[in-house]
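> A predicted structure for the sequence below; I have some questions about it.
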Amino acid sequence: MPVQGIIIAHANLAQALISTVEQIAGRQEDLCAISNTELSNEDLDRTLRECLAGGQPVVFFTDFNAGSTYAVARRVVDSHCQISGTPCCALTGVNLPMLLSFVMKRDTMPFLALTEALREDGHRGIQKTPC
Amino acid sequence: MLNWLKIKPGKGTPETFFYLRVDDRLIHGQVVIGWGVGLDVNRLVLADDRLAASAAEREFYRQIIPETMGGTVVSLAEALELTGELRQPGRRAIVVVGRVEDAMRWVETGQHPDLLILGGLHSREGRERLTDYLYLTPQEIEQLREAAGRGVRVVCRDLPTSEGIDFLAALGQRPR
């Protein structure tokens, strides 16, 4: 089964990231956006579990490690995914390089290696000029 | 006298305060960045019986709360016992609880916070809307009326940079 990517972020960031990825890499299947606006943690938890109903491997991309987005995704990974055996993982600090890496590599690598590559590519995408 | 609806980060931030925030997202970006960094909080307490009972949850919140904020996850009973410490001069403390009934424990024991902040209770069946981030059941409204009646300053406010709305005023303004 293809790996599903779910971006969970504040305000309209998730949708904006998908629009940007699609401008660069073309239309994507199995990549969806969830905003936590006006959602309690309980609502967000329920929404994420609904996304897992199909049993597809899932990568949750969250925007902020101190945010409710990661707090909830992490709990879903700990409870649902580890118990059901569905490969899943939550990453924080989603950025464009990380997502482009995902759409380019998700069909080519084993799940665990993919998630490590995403973390590394997200880091590698942050550079600094001398100043 | 401090205008408690207009507290802003930076100049004018009180040097000592104890705020009690009700937020069903508990500790999250608005709390850590908006309030914590914005008001230079040096004690951030998450009071939640279920989370306090889990070593993994305590560790998770320890990791996401900056060390300078003295973050801790404790049960409601433990948080109530901490209140005296949170009142020490120089303490800029916020206690976060997930439910109005949890916040009422401070009201019922007479340990009134400087502000009871309604920071985020989201829509669900049986709740009515007061603001974009605040939905309450009739029972919660009555509990908060009671708190205000006992002299607790109850304010609807998601961030310190946004304008606070007095809870009783917000109740008066809701559509009938």
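Looks like it arrived, so ask away.
> run a quick neighbour tally on residue B:76.
Around residue B:76 there are 19 other residues, counting by other Cβ atoms under 10 Å in any protein chain shown. C-betas here are computed from N, CA, C, even on glycine.
> pretty sure it is touching residue B:97, no?
Yes - counting by Cβ atoms under 8 Å, residue B:97 is a contact partner of residue B:76 at 7.3 Å.
> okay, which residue is most central for chain B?
A centroid search over chain B (Cα atoms, centre = their mean) returns residue B:21, at 0.6 Å, as the residue closest to the centre.
> give me the common contacts of residue B:76 and residue B:97.
Common neighbours of residue B:76 and residue B:97 (criterion: Cβ atoms under 8 Å, 6 or more residues apart in numbering or on different chains): B:47-48.
> that older thread, and the residue nearest to the centre of chain B, that's in a helix?
No - read with DSSP: H, G, I helix; E, B strand; the rest coil, residue B:21 is strand and lies in no helix.
> for the residue nearest to residue A:15 when sequence neighbours are not counted, list each beta-bridge partner.
Distances taken as Cβ to Cβ, 6 or more residues apart in numbering or on different chains place residue A:33 nearest to residue A:15, at 4.3 Å, with adjacent residues excluded. Assessed by DSSP bridges, residue A:33 has beta-bridge partners residue A:7.
> and the gap between residue A:98 and residue B:116?
40 Å (Cβ to Cβ, to the nearest Å).
> would you pull up how far the helix or strand hosting residue B:85 lies from the middle of the chain?
If you go by DSSP states H and E, residue B:85 is part of helix B:76-86. What separates the centre of helix B:76-86 from the centre of its chain is 14 Å, taken as Cα atoms, centre = their mean, to the nearest Å.
> then stretch A:100-112?
The answer for stretch A:100-112 is 12 Å, by Cα atoms, centre = their mean.
> contacting residues around it?
A:2-3, A:5, A:21, A:24-25, A:28, A:31, A:57, A:59, A:61, A:87, A:89, A:114, A:117-118, A:121-122.
> where in chain B is pLDDT low?
B:1-12, B:175-176 (pLDDT under 70).
> which parts of it sit against chain A?
B:24-29, B:32-33, B:56, B:60, B:63-65, B:120-124, B:132-133 (Cβ under 8 Å from any Cβ of the partner chain).
> go again with 7 Å.
Within chain B, the positions near chain A by Cβ under 7 Å from any Cβ of the partner chain are B:24-25, B:28-29, B:32, B:60, B:64, B:122-123, B:132.
> now the two most distant members of the residues you listed.
Using Cβ to Cβ, these span at most 27.7 Å, a distance reached by B:60 and B:132.
> what's whatever helix or strand residue B:106 lives in packed up against?
In this assignment (DSSP H and E), residue B:106 forms part of helix B:100-108. When contacts are defined as 3 or more Cβ pairs under 7 Å, 6 or more residues apart in numbering or on different chains; DSSP states H and E, helix B:100-108 sits against strand B:17-23, helix B:76-86, helix B:138-149.
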